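K.L.:
I'd like to go over a predicted model; first the sequence, then the structure.
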Amino acid sequence: MATADELKRAAGEAALSHVEDGMNLGIGTGTTTEAFIRLLADKVRDGLQVTGVATSERTERLCRELSIPMATLEELPKLDLTIDGADEIDQSLRLVKGGGGALLREKIVAVASRKMLVIADEAKLVETLGAFPLPIEINGFGMIATYLAIQEAVGELGLSCELILRRRGPEPFITDSGHLILDASFGRIPDPHALSNALLKVPGVVEHGLFLGLADEALVATASGVRHLTA
Ligand SMILES: O=C[C@H](O)[C@H](O)[C@H](O)COP(=O)(O)O
């Protein structure tokens, strides 16, 4: 029986074959992506030439520690490929992301990429999105007003959710871009597009963790091998 770490490594290893010499690569955030980064660093040491653009400060630090050449998105505004993890993946490759709080930069980088490849273990595959709490990145100004406006917007869709301010210890969690995160527990999200549109109409919402129509392919590691899914 493979452990979760072994499955993450298997997905990361499979992703390496999608990386070509000379690519400008968006590099995601999270434990699965970290397994990929370590394998990528070995390839770079062996002569593979890539330039990475990180989706978080945490990823930037790890890549630099491992001597992977890095650039900013300002320097490389168009990327060949982004490789990133996910918290949930449905059959249409719609995703929930942001468990690590990197959703905003992850989405900006994914949109700047010609292709997004998701890497994950099979525990991330779901029939319907929503069991994992949906991260909603909000501006700190008027937090309570934004909280109430989200509840109202969600209610208009006939949904209800528990909204919890993410914390790191006793303090609110602050994203790399200086915002807060509300984790929204829906149980299930019957219409992700409708929810996405409703959330983005709330002015205090900066971004949410629904990635719809962004992932092109996914490599999902299972006990019997890595499944290659396409959108
Ligand atoms: O903000 C974090 C990201 O969206 C991660 O890609 C996601 O939470 C999956 O992380 P992990 O590979 O650690 O399960």
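P.N.:
That came through, no problem. Numbering: from 1, shown residues only.
K.L.:
how about the residue nearest to the spatial centre of the chain, nearest residue that isn't a chain neighbour?
P.N.:
Among the residues of the chain, the one closest to the centroid is residue 97, at 4.0 Å (Cα atoms, centre = their mean). Closest residue in space to residue 97, ignoring its immediate chain neighbours: residue 209 at 4.7 Å, by Cβ to Cβ, 6 or more residues apart in numbering. Any C-beta I mention is one placed from the backbone N, CA and C, and that applies to glycine too.
K.L.:
residue 35 versus the one you found, what's the distance?
P.N.:
According to Cβ to Cβ, to the nearest Å, residue 209 stands 21 Å off from residue 35.
K.L.:
more neighbours, the two?
P.N.:
Neighbour tally, residue 209 and residue 35, criterion other Cβ atoms under 10 Å: the higher count belongs to residue 209, 30 against 24.
K.L.:
tell me the contacts of that one?
P.N.:
87, 95-99, 103, 134-136 (Cβ atoms under 8 Å, 6 or more residues apart in numbering).
K.L.:
repeat that for residue 177.
P.N.:
With Cβ under 8 Å, 6+ apart, residue 177 has these contacts: 104-105, 137, 206.
K.L.:
same check on residue 214?
P.N.:
95, 107, 110-111, 116.
K.L.:
also residue 54?
P.N.:
Contacts of residue 54 by Cβ under 8 Å, 6+ apart are 27, 29, 60, 63, 70, 105.
K.L.:
which SSE is residue 35 in?
P.N.:
Following DSSP states H and E, the helix or strand that holds residue 35 is helix 31-45.
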